[in-house]
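A.B. asks: Take this sequence and fold it.
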Amino acid sequence: MPIKISLRTIDNQLQQKVREISGQNFNKCYQCGTCAGSCPMVEHLTATPRKLMALLQMGQKEALESANTHWVCASCHTCMVRCPRGLDITAIMEALRQVVLRQNINRIEPSNLQPEEVIDLPQIAMVSGFRKLTG
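C.D. replies: This is a model prediction of the structure:
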């Protein structure tokens, strides 16, 4: 999907909000690809962490919202440990999730889960899922 970049498509408010929440300057990312090469979840992502960082640098809100990267992120910190620029990419992923969740848009609704589903899930996975996917 081609992305049109112009002054009209840049969302400065999103960029500022992610900076505030994460405390990270994502503009330091120079697209080396170490994060994407290190990510254990990369095969499940619609956009690699590298691409997500580029979209964020360009303020492409719609493309960021359509990516599942920040929702699927395992928060394992491998990308952060290996980043040559010292970026805490996991904090940026969390900030992107928070931007959506602060709009009171839940990715899952806990009350809609069936009891049979809940019984079979590990408790730590449930807590992690609710932390990541609900406001």
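A.B. asks: Going by C-alpha atoms from here, please, whenever you check contacts or count neighbours.
C.D. replies: Will do.
A.B. asks: Pull up the gap between Ser38 and Tyr30, please.
C.D. replies: Shown here: Ser38 relative to Tyr30, a distance of 16 Å by C-alpha to C-alpha, to the nearest Å.
A.B. asks: So for those two, which sits in the more crowded spot?
C.D. replies: Between Ser38 and Tyr30, counting by other C-alpha atoms under 10 Å, Ser38 is the more crowded of the two (17 against 12).
A.B. asks: which residues does that one contact?
C.D. replies: For Ser38, the contact set (C-alpha atoms under 8 Å, 6 or more residues apart in numbering) comprises Thr78, Cys79, Arg82.
A.B. asks: next one: Lys51
C.D. replies: Remark: with contacts taken as C-alpha under 8 Å, 6+ apart, Lys51 is in contact with nothing.
A.B. asks: Check the residue nearest the centre of the chain and give its pLDDT.
C.D. replies: The structure's the chain has its C-alpha centroid closest to His70; by C-alpha atoms, centre = their mean the separation is 2.0 Å. According to the predicted model, the pLDDT of His70 comes to 91.
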